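In: Compute the structure for the input listed below.
(chains A, B and C)
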Amino acid sequence: MAVLRKSPPADALTSSAGTGRPPLPARLRRDWQLLAMTIPAVGLLVVFHYVPTLGNVIAFQDYSPYDGITGSPWVGLYNFQWLLSDPEFWTALRNTVTITAFQLVFYFPIPIMLAILLDSVLSRRLRLFIQGIVYMPHFFSWVLVVALFQQILGGAGLLAQTLRQAGHEPWNVMTDPDAFIVLVTAQSVWKDAGWGTIIFLAALAAINTNLYEAAAVDGASRWRRLWHITLPGLRPVILLLLILRLGDALNVGFEQFFLQRDAVGAEAAEVLDTFVYWRTLMTGAWSYGAAAGLFKGLVGLILIVVANKVAHRFGEQGIYKRS
Amino acid sequence: MSTRPVWQERPTVFGLTLKTVVLTLIVLAMVYPLYVVVLTSLSTAATVTEAGGLVTLPGELSLDAYRELFGGGVVTRAVLVSTGVTVVGTALSLGLTIFAAYGLSRPGSVLHRPLLFLFLLTFLFTPGMIPSYLIVRELGLIDSYWSLILPTAVSAFNLVVMRAFFMSIPGEVLDSARIDGASDFRILWRIVLPMSKGVTAVIGLFYAVGYWNAFFNAVLYINDNSKWPLQLILRQYVQQGMNLVPNQRAVDTAAGYALPPNLAIKMAIIVVALVPVLLIYPFVQRHFTKGVIIGAVKG
Amino acid sequence: MRTTTRRGFLGLAGLTVLAACSAPPGPKPGAKATAAAMDKLAALVPKYVPRTVLTPDLPGSVPGFGRDGYLSYPPSEKLVDLVTAVPGKGGSYKAMVPTWSPLPSPLGQNSYYDAVNKDLGATIEFNYLDGLTINDKLPTLLAGGDVVDVTTLPGWALTAVPDYARAVDGLFEDLTPYLAGDVAAKYPGLSAIPTLAWQYSVFGGKLKAVPAWPTPQFGWVLFHRKDLWDKLGQGAPKNADDLLAMGKAVTDASKDRWAFSDIFPMMEEIFRAPRKWRKESGALVHRYETPEYAAAVEWMRKAVDAGLVHPNVLSAKSAADDKELFKSGQILVKNDGFSFWAETLIQVGKENPDFWMEPLPVFGADGGKPEYRMNQDPSYTFIKKGTPKEKVEELLAIFDYLSAPFGSREQLLFNNGVEGVHFTRDDKGAPQVTELGPKEIVGSYVWLGGRVDPIFESQAHPDYVRTATTWWNTAATVRHQDPFDGIRVEEPGDFTAAAKPFEDKVVDIIRGRREVSTLQQAITEWKAGGGDAGREFYMKVLTENGRA
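Out: Numbering: from 1, shown residues only, chains lettered A, B, ... in the order given. Predicted coordinates:
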């Protein structure tokens, strides 16, 4: 692509303020097709996403749906001040960030490893079978996932009853606040890691087999090929998903935590989404909820921009390129 | 049936054993719950009651749960609705996403960064329910199937992933096409898409699964029960007898018709949700074949 | 009607905040508060003229709270034909009602709808609101104003929408001119709905709705598996210590048997903690602050410490499904709605004829009386604003028809469908559903119009009606007396918001993650976080209504 983007010689440029780009009409002539392809999707987003998203200005209001945005009084940063002074908010934020950080280390790499492992299965039919199986739990509801975990790990489950039969005091993993972060991560891995392999499998399939063959002929071992061909091949996709996950850092899901909140207590299980549910949806605090949403979005934006900068520093593309 | 390429060395016994063990464990961890779900969906109400929940040991088997689900005309109609929405929605979403992903795949093109940011921001800032509802209403889409498609037609996540795959296609290939005077539409159609079958299939699957399992837009935008999609219809079976509303349950008990929630039915619903994925998946998987002539992904 | 708004309380909300930044002056963001007393609204509602159709076998105890019992269904020839004139005038109406059941076949393919519509002389087409998502849907529905001719909304769902009174005012027709005063001659069915239910249907000084489902309800009933309880040699507990001791005696984890589900809400009532406020020497004491509440917390902690609560209930209550655990005998005591009783008997009775459950006999923690909380907030059936007079009158006549009580021909038709098609009678004359029944019938017409239902589900179990009626009428005599009975309060959002953090701490105490002694600290924090401001608000409401 770089070849395509090659700038014309600098002396040919006069108009575009030293950016090294050709003048706009020339660029339009060159790029109008690209724009035309993007416009339909942009149009839909503007209508169905951006226009209603403007409704988030109610974060700066004392909003009532029957007065509408035009009729509700403006209150400045009032809602944000309340948000940042709410101790429950800080508990929720702390838990959310901790869980995200933990899952970046103990969840994020698993679909990648699983994809590489699956990709190494030579029999096509066996691979198809295993892949089909590992996707399934993605379609289970959280209620079912938690119920299934109870069957094994709960205080009346397989583990506890076996311990009881052996005369030991059973350990109810599912009500231990210290084990909670491990528990929810295990549940997430079980439910979604298989589904998460799909993108990586597609990326693996896109790696040129000739490279492997050439490396093998040169005497590179299995592990060296993994390190020098497979991982570099996956790197752009891995980085992309990592950056997107960072942008989503303050979302760890709602239902999983909602269901198990009482089991370990709010101290351990309150996350931002459950906080917003209790604090705003249940009390009719529309504006407060919008403020919490804007806060989340803002943090996500900062994280994405920073992560992208870091990626550039390491010579990677990230999501968008430096201009 | 092994298809080991000639250049690949024979696996070591240790490596092979380890791989087999790990894969077997993974498969078991997934298959056992699946077995529990399917078995419970096939158990009689008495067996479920005796187990006090999910059934792990086979008792009396029956297809009652499935018969209950598909007994009325209501569910059959909803299957048609959901299938239609999924097919039309997936086609539309995939088309829009392919075009937009390609349109944004050349850094430096006109408005490239602002447009890309426009998509990324949707990922971060979400609209509230009431404003979304009012827009759909203004457009006259309440009780229209389009209200189940258009608001969620473009996913920024899918778009960015697709774009990353497009961008990994070696520039030289596209360059030579451009020099030959091919239009961007032609390049997309003739070069990029054929080289991106895998990711196209994956994104198509993501969209299809999304449409098939969605119910919340229908809650908000569809008042007419005859247009409810399958997932919303099925949820009615799941929620029967929920603790939330003892008062309202009394209405149906008084009518003598509140068949209490049967776990078997809940599990049958999950199985029903899995079926389309099982049907589509082999078609998706076919595109993961190796050896497509693509250069290594550039770092 | 007087209204207290939150705006008047800006100065009173002296909120201390414990966190990193300091909070701005003013209340926490949230719903605006109002209050309206029901008892001053007698002039706006129909005059109460009770009507009895059949003499009950077991008469109810307390008027307005007790329920009659009928040991058997009257045979068809004994049913009273209450409405002789056809109520409808051939009109066609769309009605939206909530449902928690699978959808029935639509109009045109549903012989139940056809039969009732024919008898009504009008066509009602039902659309159902998904009950589980009603809290999400309702604000958009009300904000968009897209209501059909007739809309039924459960009280708890409607009152959860901020500023609901304004939405009701803008969207629905004022029924005061049609129904205020003595209308018994015109609408005998509607006039037989108790006055309190009508008073709840007054919004903003206008009668806006017909109360649907005005039958009184207990919030919770404490059921036990009496069959297993007896088998394990246990009798009726006389006080809270008894219950704890019996719980220990019946629990055997190695046999997959635990005494309790999460029965804390019921223990509060057994310890006589108030629903919300108690008036003590002119001041308001909140439930959380009472020694009774603290004692209930302590009791529950003991039960958890002794391992008497089923572990799955502790690890994820909604995923555990304690109904199934109760049916299978893994849990022996659990609280649920009253209808859980008949419903479970109908289902499990077929599989296990020995199965028997009933509420634990009425007892208080100290051997005295409990204070059971009864729910009086009905559901509301609204008519769209701007409906012409003759259409409103046609609809009201239809609602009057649909208010026909048990023992009438009409009630059997709209409740159970057509004999021989939707139900057959067993040898004792009780209706048994046919296979077609549940596919065509869910609660639909029963929402339009209101009637106090007696206890009559004799098909559940031969002993059911007698045991249930006896228990109900005993329990109704020890119901909790709330100083705010009959006042509709939209409480300040910050008061509502203060409850959750407090209750989280209580859950922590009960589950053993916090010491019992920390309860006092939690109460202090609750007071500062909105509790005291709420007390001021409620006190003002009480004063304004002359109850202080």
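In: make it CA atoms for all contacts and neighbour counts henceforth
Out: Noted.
In: The helix ranked longest in chain C close to chain A?
Out: When chain C is parsed with DSSP state H, its longest helix is helix C:493-510. Yes - contact of helix C:493-510 with chain A (Cα under 8 Å from any Cα of the partner chain) involves C:493-494, C:496-497, C:500-501, C:504-505, C:507-508.
In: now for that helix, which elements pack on it?
Out: Applying 3 or more Cα pairs under 8 Å, 6 or more residues apart in numbering or on different chains; DSSP states H and E, one finds that helix C:493-510 contacts helix A:255-264, helix C:291-305, helix C:519-526.
In: For the second one, buried residues please.
Out: Neighbour-count burial for helix C:291-305, counted by 16 or more other Cα atoms under 10 Å in any protein chain shown, picks out C:292-304.
In: Please write out the alpha-carbon positions of it in CSV.
Out: Coordinates of each C-alpha in helix C:291-305 appear next as CSV, following Å, rounded to 0.1, in the frame of the first residue of the first chain:
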residue,chain,number,x,y,z
PRO,C,291,-34.4,-3.7,66.6
GLU,C,292,-36.7,-6.1,64.9
TYR,C,293,-34.8,-5.8,61.6
ALA,C,294,-31.5,-6.2,63.4
ALA,C,295,-32.8,-9.4,65.1
ALA,C,296,-33.9,-10.8,61.7
VAL,C,297,-30.4,-10.1,60.3
GLU,C,298,-28.8,-11.8,63.3
TRP,C,299,-31.2,-14.8,62.9
MET,C,300,-30.4,-15.2,59.3
ARG,C,301,-26.7,-15.0,59.9
LYS,C,302,-27.0,-17.9,62.4
ALA,C,303,-28.9,-19.9,59.8
VAL,C,304,-26.2,-19.3,57.2
ASP,C,305,-23.4,-20.0,59.7
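In: buried residues in the next helix or strand after that helix?
Out: Sequence-wise, the next helix or strand downstream of helix C:291-305 (DSSP states H and E) is helix C:311-315. For helix C:311-315, burial by neighbour count (16+ other Cα under 10 Å) applies to C:311-315.
In: Export these as JSON lines, with columns for pLDDT.
Out: Output for those, formatted as JSON lines (pLDDT from 0 to 100):
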{"residue": "C:Pro311", "pLDDT": "92"}
{"residue": "C:Asn312", "pLDDT": "90"}
{"residue": "C:Val313", "pLDDT": "91"}
{"residue": "C:Leu314", "pLDDT": "91"}
{"residue": "C:Ser315", "pLDDT": "88"}
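In: If we check chain A, which of these are in contact?
Out: Applying Cα under 8 Å from any Cα to the buried residues of helix C:311-315, those adjacent to chain A are C:311-312, C:314-315.
In: Would you mind giving those as CSV with distance to chain B added?
Out: What follows is those, written out as CSV (distance: Cα to the nearest Cα, whole Å):
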residue, distance to chain B
C:Pro311, 13
C:Asn312, 11
C:Leu314, 16
C:Ser315, 15
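In: Make CSV from the buried residues of helix C:311-315 and add distance to C:Arg225 to it.
Out: Below are those laid out as CSV (distance: Cα to Cα, whole Å):
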residue, distance to C:Arg225
C:Pro311, 18
C:Asn312, 18
C:Val313, 17
C:Leu314, 20
C:Ser315, 23
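In: ok, back up a step: tell me the two of the ones next to chain A among the buried residues of helix C:311-315 that are most distant?
Out: Farthest-apart pair in these is C:Pro311 and C:Ser315; separation 6.2 Å (Cα to Cα).
In: In terms of secondary structure, what does the lengthiest helix in chain B contact?
Out: Scanning chain B for the longest helix, with DSSP H as the assignment, gives helix B:73-103. Contact partners of helix B:73-103 among helices and strands, from 3+ Cα pairs under 8 Å, 6+ apart: helix A:24-45, helix B:156-167, helix B:197-213, helix B:230-239.
In: How about the stretch 1-150 of chain B: which residue is closest to chain C?
Out: Per Cα to the nearest Cα, B:Gly52 is where the stretch 1-150 of chain B lies closest to chain C, at 4.7 Å.
In: Can you check the pLDDT for that residue?
Out: pLDDT, the model's per-residue confidence, is 75 for B:Gly52.
In: In this structure it contacts C:Leu325, no?
Out: Yes - assessed by Cα atoms under 8 Å, B:Gly52 is found in contact with C:Leu325 at 4.7 Å.
In: Of those two, give the one with the bigger neighbour count.
Out: For the pair B:Gly52 and C:Leu325, the greater number of neighbours falls to C:Leu325 (25 against 22), based on other Cα atoms under 10 Å in any protein chain shown.
In: That one belongs to a strand?
Out: No - counting by DSSP: H, G, I helix; E, B strand; the rest coil, C:Leu325 is not part of a strand but helix.
In: For chain B, name the helix or strand with the lowest mean pLDDT.
Out: helix B:246-254 (a mean of 48; mean pLDDT, DSSP states H and E).
In: low-scoring stretches of the stretch 151-299 of chain B, by residue?
Out: Judged by pLDDT under 70, the stretch 151-299 of chain B has its weakly predicted residues at B:238-262, B:289-299.
In: Show me what residue of it gets nearest to chain A.
Out: Closest point on the stretch 151-299 of chain B to chain A, by Cα to the nearest Cα, is B:Gly171, at 3.9 Å.
In: what about that residue, how many neighbours?
Out: If we define neighbours as other Cα under 10 Å, then B:Gly171 has 15 of them.
In: And A:Thr280, by the same measure?
Out: By other Cα under 10 Å, the residues close to A:Thr280 number 22.
In: Apart from its chain neighbours, what residue comes closest to it?
Out: With Cα to Cα, 6 or more residues apart in numbering or on different chains as the measure, A:Gly289 is the residue that lies nearest to A:Thr280, at 5.2 Å, once sequence neighbours are left out.
In: give me the number of residues near that neighbour?
Out: 26.
In: Same check on C:Asp114?
Out: Using other Cα under 10 Å: C:Asp114 sits among 16 other residues.
In: Check it and give its pLDDT.
Out: For C:Asp114, the model assigns a pLDDT of 97.
In: same check, this time on A:Leu159
Out: pLDDT, read off for A:Leu159, is 86.
In: List the contacts of it.
Out: Residues counted as contacts of A:Leu159 (Cα atoms under 8 Å, 6 or more residues apart in numbering or on different chains) are A:152-153, A:170.
In: Rebuild those as TSV, extending it with distance to chain B, neighbour count and pLDDT.
Out: Converted to TSV, the contacts of A:Leu159 look like this (distance: Cα to the nearest Cα, whole Å; neighbours: other Cα atoms under 10 Å in any protein chain shown; pLDDT from 0 to 100):
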residue	distance to chain B	neighbour count	pLDDT
A:Ile152	10	15	86
A:Leu153	13	22	88
A:Pro170	21	18	82
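In: related to what we said a few turns ago, also compute the angle for the next helix or strand after the least confident helix or strand of chain B relative to helix B:197-213, please.
Out: Following helix B:246-254 in sequence order, the next helix or strand is helix B:263-285 (DSSP H and E). Interaxial angle of helix B:263-285 relative to helix B:197-213 (axes from the mean of the first three to the mean of the last three Cα atoms, to 10 degrees): 160 degrees.
In: Get me the contact residues on the stretch 201-350 of chain C for chain B.
Out: C:213, C:217, C:219, C:320-321, C:324-330, C:336-340, C:342-344, C:347-348.
In: Just those: which are in helices?
Out: Checked against DSSP H, those include these in helices: C:320, C:324-327, C:339-340, C:342-344, C:347-348.
In: Hmm, which of the residues you listed is lowest in pLDDT?
Out: Among these, C:Ala320 has the weakest pLDDT, 68.
In: Now residue 92: closest residue in space that isn't a chain neighbour?
Out: Looking at chain A here, since you left the chain open. Setting aside the residues directly before and after it, A:Ala92 is nearest to A:Val271 in space (Cα to Cα, 6+ apart), at 4.3 Å.
In: Please refer instead to chain C.
Out: Distance criterion Cα to Cα, 6+ apart; nearest residue to C:Ser92, sequence neighbours excluded, is C:Thr123 at 4.6 Å.
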